[in-house]
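Enquirer: Attaching a predicted model along with its sequence, questions to come.
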Amino acid sequence: MAAIERKQALPTDESEPGKKPRNDPERMKAFAQRLNVMLGELGLPPRGRARVIKERVGVSGTTAANWLRGETYPSFEELGRMGRQLGVDPARLFDDSAEPAKSSTTATLPAGKLPARLAKLIRDNQVTPLTQLKTENGEWDHTALPNSIWSQVLGRGLAGFVLLRMRGDAMVERIQDGTPLLVDTNDTRIADDNGVYALLLGDRVMVRRVQRRLQGDYLIACDNPLMAAEAIDRLGSFRDDAVRETDVVVLGRVALAMQKL
């Protein structure tokens, strides 16, 4: 009798007053929009996203397409695989509100109120004003550069680039701890140019200078003179499904370090 009473006392599956249920169509559409935005941030074009999810998360193409359209949700286990295999943050995919945060843009220079000399520099393309994007929920507050500038700096568009922060003092004085880095995940082939790469060892990210030697192996070095260099025989790509957790693989080449001078 007591067990029956306890069972009856359990809370029902009804939603809280004023809060929409998890399977509300508007919330599911908002989830899909956030997922598509995050995949776009990772450089994945709209065409082919379902195939990438299918291959990396291990679900059917129909399931992946339903997630992208906002018709179903992934399970908690699938969310975990999305975080590990796609690089998306599952916490960002859900929000208390059904609608994604609205954003506003403002120029870093006031329009129509510029000194004549500065205005002329802008007209002559010697100075480029920037645009600042802010969202109401505070999730984003950053300044955007024109695509032409990114292409000039990087040699191409931003597709395939990821942003990470330097951790530790392995690359001082060249790259300071906490410096944001743009990493080109399309460039995982090591040339013999002593370039700087983001490497993965399990879940650990390392930024190191890598050189392919004549012997066929690789020299992994730090710019910090107090840290010794290491040689390894094999250095594969993070896209190689045959690599083991104990293997060091290349996430991509560090194309840009954004730090104060």
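Expert: Sure, I can see it. Residues are numbered from 1 along each chain as shown.

Enquirer: what pLDDT does the closest residue to residue 216 other than its chain neighbours get?
Expert: For residue 216, ignoring the flanking residues on the chain, the nearest one in space by C-beta to C-beta, 6 or more residues apart in numbering is residue 233 at 7.8 Å. Quick note: C-beta positions are derived from backbone N, CA and C, even for glycine. We have a pLDDT of 90 for residue 233.

Enquirer: Residue 113 versus residue 233, what's the distance?
Expert: Shown here: residue 233 relative to residue 113, a distance of 62 Å by C-beta to C-beta, to the nearest Å.

Enquirer: same question, residue 83
Expert: Separation of residue 83 from residue 113 (C-beta to C-beta): 46 Å.

Enquirer: more crowded one of those two?
Expert: residue 83 (15 against 7; other C-beta atoms under 10 Å).

Enquirer: buried set for the helix or strand harbouring that one?
Expert: Assigned by DSSP states H and E, residue 83 falls within helix 76-86. Residues of helix 76-86 classed as buried by neighbour count (16 or more other C-beta atoms under 10 Å): 78, 79, 81, 82, 86.

Enquirer: Out of these, flag the one nearest to residue 43.
Expert: Closest approach to residue 43 among the buried residues of helix 76-86 (C-beta to C-beta): residue 86, at 11.6 Å.

Enquirer: surely the closest one meets residue 42?
Expert: Yes: at 7.2 Å, residue 86 counts as touching residue 42 under the criterion of C-beta atoms under 8 Å.

Enquirer: quick one: residue 195 from residue 221, how far?
Expert: Distance of residue 195 to residue 221, given as C-beta to C-beta: 11 Å.

Enquirer: Give me the common contacts of those two.
Expert: 209, 210 (C-beta atoms under 8 Å, 6 or more residues apart in numbering).

Enquirer: Flag the shaky bits of the stretch 51-200 of the chain, pLDDT-wise.
Expert: Where the stretch 51-200 of the chain drops to pLDDT under 70, the residues are 94-103, 111, 137-141, 192.
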